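Student: okay, here's the prediction I keep looking at, along with the sequence it came from:
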Amino acid sequence: MTRSRRLQYALGLNLALVAVQAIFGVVAHSLGLLADAGHNLVDVAAVALSLFAVRLAARPANERRTFGYHRSTVLAAQVNGIAILAVTALIMYEAVRRLIHPTVVHPGIVIPVAAGALVVNLLAALVLHEHEHDLNMRSALLHMVADAVTSAGVMVAGIVIAISGGTYWLDPLVSMLIGVVIAVQAFKLLGDTTAVLLEGTPDGIDPTLIAQAMVAVDGIDSVHDLHTWSLSSEVRALSAHVVLTGAPTLIEAQERTDKVRRMLSAEFGFSHTTLEPEAAHCRPTHDRDCTMD
């Protein structure tokens, strides 16, 4: 199943869920249900944004976007992370207000609605789970998981309220605890997306080990000006100057750098590599260039 199709299914599930939770949340006076509806409302926008980003990233490169639109998925993930934090902050504020001024909650409505929401959110999470390594899909998945956990917490709180007959403060307290957990994950997502946007070294990549692997290729003397970054969660790029041994011809230099490119693709997953070959007897200075092309 394609990513677009997975996101479409998740979007449809959440559109239906928002309406049900909002109506019954008001009827039952449950902050938990309204908080869950709020998260799902953000989910609708978040999944729609992720879907748009996936389709945008599939567009080919052009003269104005020579690298294509891969970064759109990272931007969508960052916006989704910020949205999660914003909604969580609003829920925390309302939870504190409800703790100070408790409101009667009707567990007979809260429990079945929260249980239904839990099932729907788990289904949506399962639909998106296969591509959790992608930041964009991961942000959409985080929305689904957050709502699933929130629904579970609301359901448990409703059961306890029904048994005890009056611990209404438990409803906002559960919302606060869940909000903290969700916020931690959202901050982690924002950190990962920011690292990509700042062109940081991709996770799991050690530039020292890459340089050693490049030098191990026959005909390569040394490597310098090595840079690695990510265009998206799946598109890694690298640029470097490689110093060649001996005095190779232009064709031989091309063959050696091609070997390095193939190695970088096979062993480290770099899909875009730019290499500048240099002669071993020449060292670059501020006054001259040692490149061979």
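Tutor: Received, thanks. Note that the structure is predicted; figures quoted are calculated from it, not measured.
Student: quickly list the domain ranges of the chain.
Tutor: Annotated domains of the chain cover 3-197, 207-279 [automatic domain parsing].
Student: now do the same end-to-end measure for the last one.
Tutor: It stands for domain 207-279. 22 Å (Cα to Cα, to the nearest Å).
Student: might you report the residue contacts of the residue nearest the centre of the chain?
Tutor: Residue closest to the mean C-alpha point of the chain, counted by Cα atoms, centre = their mean, is Leu135 at 2.3 Å. Leu135 makes contact with 73-74, 77, 189, 192-193, 196, 232-233 under the criterion Cβ atoms under 8 Å, 6 or more residues apart in numbering. Heads up, the C-betas are built off the backbone N, CA and C, glycines and all.
Student: just flag the most distant two among these.
Tutor: When those are compared pair by pair using Cβ to Cβ, the two farthest from each other are Leu189 and Ser232, 14.5 Å apart.
Student: helix/strand/coil for the most far-flung residue of the chain relative to its centre?
Tutor: Relative to the average C-alpha location in the chain, and by Cα atoms, centre = their mean, no residue lies farther out than Ala247, which sits at 46.5 Å. Classification of Ala247 using DSSP: H, G, I helix; E, B strand; the rest coil returns coil.
Student: same check on Pro277?
Tutor: The assignment at Pro277 comes out as strand when based on three-state DSSP.
Student: which residues in the chain form strands?
Tutor: For the chain, applying DSSP state E gives strands covering 220-230, 236-244, 270-279.
Student: same for the lowest-mean-pLDDT helix or strand in the chain, what does it pack against?
Tutor: Sorted by mean pLDDT, DSSP states H and E, the helices and strands of the chain end with helix 31-57, the least confident at a mean of 76. Packing contacts for helix 31-57, counted by 3 or more Cβ pairs under 8 Å, 6 or more residues apart in numbering; DSSP states H and E, involve helix 3-28, helix 71-100, helix 107-128, helix 135-164, helix 170-197.
Student: state the mean pLDDT of the fourth one.
Tutor: Pointing back at helix 135-164 there. Helix 135-164 comes out with an average pLDDT of 80.
Student: kindly calculate the angle that that helix makes with helix 31-57.
Tutor: Angular relation of helix 135-164 and helix 31-57 on a 0 to 180 degree scale: 170 degrees, by axes from the mean of the first three to the mean of the last three Cα atoms, to 10 degrees.
Student: could you pull out the buried residues of helix 135-164?
Tutor: Using 16 or more other Cβ atoms under 10 Å as the test for burial, helix 135-164 gives 135-155, 157-159, 161.
Student: tell me where the model's unsure across this structure.
Tutor: Using pLDDT under 70 as the threshold, the predicted model of the chain has low-confidence ranges 1, 30-33, 35-36, 39, 105, 130-133, 280-293.
Student: hmm, 90 instead?
Tutor: Applying pLDDT under 90 to the chain picks out residues 1-193, 195-205, 230-235, 246-250, 271, 278-293.
Student: hang on, the earlier thing: ok, the residue farthest from the centre of the chain to His272 distance?
Tutor: Distance from Ala247 to His272, counting by Cβ to Cβ, to the nearest Å: 29 Å.
Student: just Arg3 next, same as before
Tutor: Counting by Cβ to Cβ, the separation of Arg3 from His272 is 21 Å.
Student: what number of residues lie near the closest residue to Ala22 other than its chain neighbours?
Tutor: The shortest distance from Ala22 to any residue other than its chain neighbours is 4.4 Å, reached at Ala37 (Cβ to Cβ, 6 or more residues apart in numbering). Ala37 has 25 neighbours, counted by other Cβ atoms under 10 Å.
Student: can you check Gln254 too?
Tutor: Gln254 sits with 15 neighbouring residues when counted by other Cβ under 10 Å.
Student: what sits against it?
Tutor: Residues in contact with Gln254, defined by Cβ under 8 Å, 6+ apart, are Pro277.
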